[in-house]
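> Next come a sequence and a model predicted from it.
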Amino acid sequence: MWVVGLGLTTVLAGCDAVECRDAFDCRDQDPAPAGQVWTCREEKCVAATPTTPDAGADAGADAGLDAGVDAGADAGLDAGVDAGVDAGTDAGVDAGTDAGPVATAYVRVVNALYEGNFDDANTPWDAARYRMDVHSSATSQAVFTGVEPGDLGTKDFVPVAPGTNLTFSLRKAGAAPTEPALATTAAVTLADGDRLTLMAMGGVASVGTSEVNAPKLLALKDNAFGAVPSGEVRVRHVTADQVIADFFPRLLKTGSGEELPEVTPFTADPEVKGRAIPETTTRLLVRGSIDSPEPSQSGEVGFTLPAGALVKGTAYYVVSSGDDRRAMNDPGASSLLLIPAGKNGALRLKRDPLLYFFHALVNGESLKVGSQGVPIATGFRYGNDPAVGDLPASPTGHALTFSLESAPGTTVLDTFQTGPLEAGRRYLVVVSGLAGQTGAAGPRAFVVADTFASDAQDARVRFVNACPSAPAQGIGFGYFDVAGDGSSRGTTFTSVIPDVTYGAVGGPATGAAFPAPTGTDTTGSYFHYAIRGLVGTTVTERSVKGPLITRPHLFVLMGDWTTGPRFRALNLRNNSWTALTPRGDEVFKP
């Protein structure tokens, strides 16, 4: 599944006769009578008089919950007595009288940390590097242990004792509480029934620095949202995504075009009650007012919400997180967390699909593409790096129209259907054929999904045949060996991917290893890339020098088979899919 929902049953299901689960749910009641507070008993909100323990009673008597006892134990038992045994009387004090409800607050943590390396967005993801513990100033025991970012990065609330001037600290998993913290909250006061959400954010690579993205731990009170009117949905934007300066704010936008105010990087919207958005919202977008995300021409990072994601009368933290420079299928890529205030559970949304439009239309002019009149990508030219556009995720896909950039009214290819598009996925859209032609030789488009493994870091390829005049049997792809002089092409052709017909992609879904030998001359190092085709009864083998590949690539063959096809190799380990081109001669030659 490309959208992971965690523990949302209590959020999405109706409550019927259940009025409350705890005191937090009673916060929208009228003011309690003098001397009383609202509490939850037998799933109903009732006014009760708080009971203060007798200051003269022995500390071991039934006077509430000792700091060393699990908050789920019977609050009427002394910490030293087994919860299933009648404590009897302690030092003459009647222990049979229950001290009443014990004051309890609740805390949860959200780990939205990311790599944060300004120089290399493709550092391999190592979950252990981002695994964290959370400690409280009120106890020597960790409140949370081993919390990783990602699909399971939002933990359920746990009970803690209320108090004043409490702080919470973030440390690497297993670190002693005496070790320096990576980040510490400001002091907070927790009263009975309060719910606190801790947000761990920032770049792990910037630990111990003064960089804007150094790790931080925010303490946000869920109670601050207040009671949400039954017909409203409120959101509070929290910014935790990759940014290079604190003056590059982020803002949240609905799919209908409503923009919420800007939020400073690595902070929460100062409007603690949240901001109302339509319950019918189906898409949320994040953008900057100064910088733009990579590699989108829209300047926005979009997220499609599944049906029922927003519930009336509910408030949510909306956390934009991750690094937009990382590959879409990478755990550290851009994501959006939808976290209900005061309730367990979270919905983690992956970025809407990116489409990489590659121009392989022989003799074709610069193109642009739109969908239902909305521009998607512009200015892609023959053989240049792909132009990147984004569309909402869709189980059926979208219709695309390609036209000349110089003459928008001139359609090159109309109502091309993309097929299903999944969030968190990237797709190559190749426009090929012969400009000005019709029929089989005319313009056409086809879609190739990125299916490489997210952790693949070696030289492997898939082969895309976008050569309209290719032999009917298809074209095979491989390499030649290197001659004894260490630079010239040898005589042995090694097949890596067998015959691929026009408009198709060849090779395993995870790519085929490409262990080509390296040639070297005064210009540097290179491979002798090779293709093979059967025309009639004649087998033709051709080659061209090209830069070394050390990462997964889509190898696109284009041009004319007779005069010599060309190639572009797209590096899928970066999010721009920069194209490698031949070295020296542009075309494959015998």
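Nice, thanks for sending it over. Keep in mind the model is a prediction, meaning the values are calculated, not measured. Numbering: from 1, shown residues only.
> what does the helix or strand containing Val461 rub up against?
Here Val461 sits within strand 460-465, counting by DSSP states H and E. The contact list for strand 460-465 (C-beta atoms under 8 Å, 6 or more residues apart in numbering) reads 428, 430, 448, 451-452, 474-475, 477, 496-497, 500-508, 510-514, 549, 552-557, 569. In short, each C-beta sits where N, CA and C put it, glycine included.
> Apply 6 Å and report the result again.
If you take C-beta atoms under 6 Å, 6 or more residues apart in numbering as the criterion, strand 460-465 is touched by 448, 475, 477, 497, 500, 502, 504-507, 511-514, 552-557.
> Identify the neighbouring strands of it in the sheet and state each direction.
Sheet neighbours of strand 460-465, with direction, are listed as strand 505-506 (antiparallel), strand 512-513 (antiparallel), strand 552-558 (parallel) (DSSP bridges).
> mind checking which of those strands is nearest Gly203?
Nearest of the strands paired with strand 460-465 to Gly203, taken as C-beta to C-beta: strand 552-558 at 24.9 Å.
> Need the three-state assignment for Glu541.
Under the three-state scheme (DSSP: H, G, I helix; E, B strand; the rest coil), Glu541 adopts strand.
> What pLDDT does the model give it?
For Glu541, the pLDDT comes out at 96.
> Which strand residues bridge it?
Arg532.
> and Ala459, how many neighbours does it have?
As a burial measure, Ala459 scores 18 neighbours (other C-beta atoms under 10 Å).
> brain fart, Leu391
21.
> who are the neighbours in contact with the residue positioned nearest the centre of the chain?
The centroid of the chain falls nearest to Ser335 when counting by C-alpha atoms, centre = their mean (2.5 Å). Contacts for Ser335 (C-beta under 6 Å, 6+ apart) come out as 321-322, 348, 350.
> Put the buried members of the residues you listed into a PyMOL selection.
The PyMOL selection below is limited to those of the contacts of Ser335 classed as buried (16 or more other C-beta atoms under 10 Å):
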select buried, resi 321+322+348+350
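> Now do the buried residues in stretch 519-528.
519, 526-528.
> Among those, which lie within helices?
Using DSSP state H, no member of the buried residues of stretch 519-528 sits in helices.
> Distance to Val207 and pLDDT for those residues - can I get that in JSON lines?
As requested, these are exported to JSON lines (distance: C-beta to C-beta, whole Å; pLDDT from 0 to 100):
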{"residue": "Gly519", "distance to Val207": "43", "pLDDT": "97"}
{"residue": "Tyr526", "distance to Val207": "40", "pLDDT": "97"}
{"residue": "Phe527", "distance to Val207": "39", "pLDDT": "98"}
{"residue": "His528", "distance to Val207": "45", "pLDDT": "98"}
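> Nearest to Leu260 among those residues?
Phe527 (50.1 Å).
> what's the burial count for Val107?
Residues near Val107, counting by other C-beta under 10 Å: 23.
> Tell me which other helices or strands the helix or strand hosting it touches.
Applying DSSP H and E as the criterion places Val107 in strand 105-114. Applying 3 or more C-beta pairs under 6 Å, 6 or more residues apart in numbering; DSSP states H and E, one finds that strand 105-114 makes contact with strand 142-147, strand 158-160, strand 195-203, strand 314-322.
> what about these, which gets the closest to Thr104?
The minimum distance between Thr104 and those falls on strand 158-160, with 4.8 Å, by C-beta to C-beta.
> which of the residues in the closest one are buried?
158, 160.
> Return the list of strands paired to that strand, each annotated with direction.
In the sheet, strand 158-160 lines up against strand 105-114 (antiparallel) (DSSP bridges).
> so how far is the strand it pairs with from its chain's centroid?
Centroid displacement of strand 105-114 relative to its chain, using C-alpha atoms, centre = their mean, to the nearest Å, is 17 Å.
> just to revisit the earlier point, relative to Arg532, which of the strands paired with strand 460-465 is closest?
strand 552-558 (11.6 Å).
> between the following helix or strand past that closest one and strand 552-558, how many degrees?
As assigned by DSSP H and E, the chain's next helix or strand after strand 552-558 is strand 566-571. Put simply, strand 566-571 runs at 160 degrees to strand 552-558, going by axes from the mean of the first three to the mean of the last three C-alpha atoms, to 10 degrees.
> what about the following helix or strand past strand 566-571, average pLDDT?
Once the chain leaves strand 566-571, the next helix or strand it forms, by DSSP H and E, is strand 579-580. Computed over strand 579-580, the mean pLDDT rounds to 94.
> Identify all contacting residues around strand 579-580.
With C-beta under 6 Å, 6+ apart as the criterion, strand 579-580 contacts 385, 547, 568-570.
> before we move on, what about stretch 386-399?
283, 295-298, 302, 304, 352-358, 371, 376-377, 380, 415, 417-423, 577.
> Weed out the non-buried ones from these.
283, 295-298, 302, 304, 352-358, 371, 376-377, 380, 418, 421-423, 577.
> Looking only at the strand holding Val461, what residues are buried by neighbour count?
460-465.
> Who are the contact partners of the residue lying closest to the residue nearest to the centre of the chain once chain neighbours are set aside?
Excluding its sequence neighbours, the residue lying closest to Ser335 (C-beta to C-beta, 6 or more residues apart in numbering) is Gly322, at 4.8 Å. Neighbouring residues of Gly322 by C-beta under 6 Å, 6+ apart: 114, 241, 332-335.
> where does Gly322 land on pLDDT?
pLDDT, Gly322: 91.
> Identify the residue nearest Gly163 in space, chain neighbours excluded?
The shortest distance from Gly163 to any non-neighbouring residue, by C-beta to C-beta, 6+ apart, is to Ala138 (5.6 Å).
> now that neighbour, what's its secondary structure?
coil.
> Then Gly379 would be within a strand, right?
Yes. Secondary structure of Gly379 (three-state DSSP): part of a strand.
> What does the pLDDT read for it?
92.
> same deal with Ala95?
As predicted, Ala95 sits at a pLDDT of 45.
> just to revisit the earlier point, what bridges to the residue nearest to the centre of the chain?
Ser335 forms beta bridges with Ser321, Lys350, as assigned by DSSP bridges.
> got it, and Asn111?
Ala200.
> Please apply the same query to Phe168.
Bridge pairing for Phe168 - DSSP bridges - gives Ser136.
> Likewise for Leu421?
Ser394.
> With Arg275 instead?
According to DSSP bridges, the residues that bridge with Arg275 are Val235.
> isn't it right up against Glu259?
No. Using C-beta atoms under 6 Å, Arg275 is not in contact with Glu259, being 10.4 Å away.
> more neighbours, the two?
Between Arg275 and Glu259, Arg275 has the larger neighbour count (other C-beta under 10 Å), namely 17 against 12.
> ok, the more buried one to Val263 distance?
Separation of Arg275 from Val263 (C-beta to C-beta, to the nearest Å): 11 Å.
> got it, and Leu404?
Leu404 sits at a distance of 40 Å from Val263 (criterion: C-beta to C-beta).
> Between those two, point out the one with more neighbours.
Higher neighbour count among Leu404 and Val263: Val263, with 21 against 16, using other C-beta under 10 Å.
> tell me the contacts of that one?
Residues counted as contacts of Val263 (C-beta under 6 Å, 6+ apart) are 237, 239, 250, 269.
> In TSV: those, plus neighbour count and secondary structure.
Formatted as TSV, these follow (neighbours: other C-beta atoms under 10 Å; DSSP: H, G, I helix; E, B strand; the rest coil):
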residue	neighbour count	secondary structure
His237	24	strand
Thr239	26	strand
Arg250	25	strand
Asp269	22	coil
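> Helices of the protein, start to end?
Counting by DSSP H, the chain has helices at residues 9-12.
> so where's it uncertain?
Residue ranges of the chain with pLDDT under 70: 1-25, 27-32, 34-38, 42, 49-100, 118-119.
> how does it divide into domains?
Annotated domains of the chain cover 105-350, 353-449, 457-590 [automatic domain parsing].
> Kindly reformat these as CSV containing distance to Ala48.
Converted to CSV, the domains of the chain look like this (distance: least, C-beta to C-beta, whole Å):
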stretch, distance to Ala48
domain 105-350, 11
domain 353-449, 47
domain 457-590, 56
